[in-house]
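J.: build me a model:
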Amino acid sequence: MLGDGTAFSTFSTDSVEGATTFYRDVLGLEVETFDAMGPMLTLHLPGGGRTLIYEKDDHAPATHTVLMFEVADVAATADALAGHGVALERLDWTDEDGIARSPEMPDTAWFKDPAGNWIGIIQSD
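T.: Got it, this is the predicted structure:
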């Protein structure tokens with residue numbers, strides 16, 4: 001039924017302008033902005049996927065991970081993010097450096113976008 005089409009994810013922000021700057025200039029993603037029922041932004045993700053981010057007046061940050069990036073080296077990527085002013089979240093299950101290291105799963109870390117949405121990086125195979 002739905003397996004023949006394409007899919008994309010969506011989430012809200014309080015500012016498409018702020019999201020554009022963050023995702024394009026800080027994270028280095030290709031973005032497109034447009035106006036359709038309000039300001040919107042399409043992220044072109046590595047591997048060909050896409051995410052639609054829409055501006056919402058009563059935006060509330062997601063309390064879960066809305067976007068996860070597979071990276072070759074979580075620690076090196078975390079350092080690069082820090083160089084752009086991005087701070088990793090320190091959680092009960094992360095090391096002091098903000099990276100969750102466990103034999104049961106790949107190294108993983110989380111940070112928030114300017115609207116407070118949770119973004120993650122996870123060690124690729």
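J.: which residues sit against the lowest-mean-pLDDT helix or strand in the chain?
T.: Taking mean pLDDT, DSSP states H and E as the measure, the chain has strand 99-102 as its least confident helix or strand, at a mean of 93. Residues outside strand 99-102 that contact it (Cβ atoms under 8 Å, 6 or more residues apart in numbering) are 74-75, 78, 88, 91, 93-95, 107-109. C-betas here are computed from N, CA, C, even on glycine.
J.: partners of the next helix or strand after that strand, with directions?
T.: Once the chain leaves strand 99-102, the next helix or strand it forms, by DSSP states H and E, is strand 105-112. Sheet pairing of strand 105-112 (DSSP bridges) gives strand 99-102 (antiparallel), strand 118-123 (antiparallel).
J.: need the CA coordinates for the longest helix seen in the chain. CSV is fine.
T.: Criterion DSSP state H: the longest helix present in the chain is helix 74-83. C-alpha atoms of helix 74-83 as CSV (Å, rounded to 0.1, in the frame of the first residue of the first chain):
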residue,chain,number,x,y,z
VAL,A,74,30.9,10.1,17.1
ALA,A,75,33.7,11.6,19.2
ALA,A,76,35.2,13.4,16.3
THR,A,77,31.8,14.7,15.1
ALA,A,78,31.0,15.9,18.6
ASP,A,79,34.3,17.8,18.7
ALA,A,80,33.5,19.4,15.3
LEU,A,81,30.0,20.3,16.5
ALA,A,82,31.5,21.9,19.6
GLY,A,83,33.7,24.0,17.3
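J.: of the contacts of strand 99-102, keep whichever come out buried.
T.: Among the contacts of strand 99-102, the ones that count as buried by 16 or more other Cβ atoms under 10 Å are 74-75, 78, 88, 94, 107-109.
J.: possible to save these as a markdown table with pLDDT and distance to Arg101?
T.: Compiled in a markdown table, those are given as follows (pLDDT from 0 to 100; distance: Cβ to Cβ, whole Å):
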| residue | pLDDT | distance to Arg101 |
| --- | --- | --- |
| Val74 | 96 | 9 |
| Ala75 | 95 | 9 |
| Ala78 | 96 | 12 |
| Leu88 | 96 | 13 |
| Thr94 | 92 | 8 |
| Asp107 | 95 | 5 |
| Thr108 | 95 | 8 |
| Ala109 | 96 | 10 |
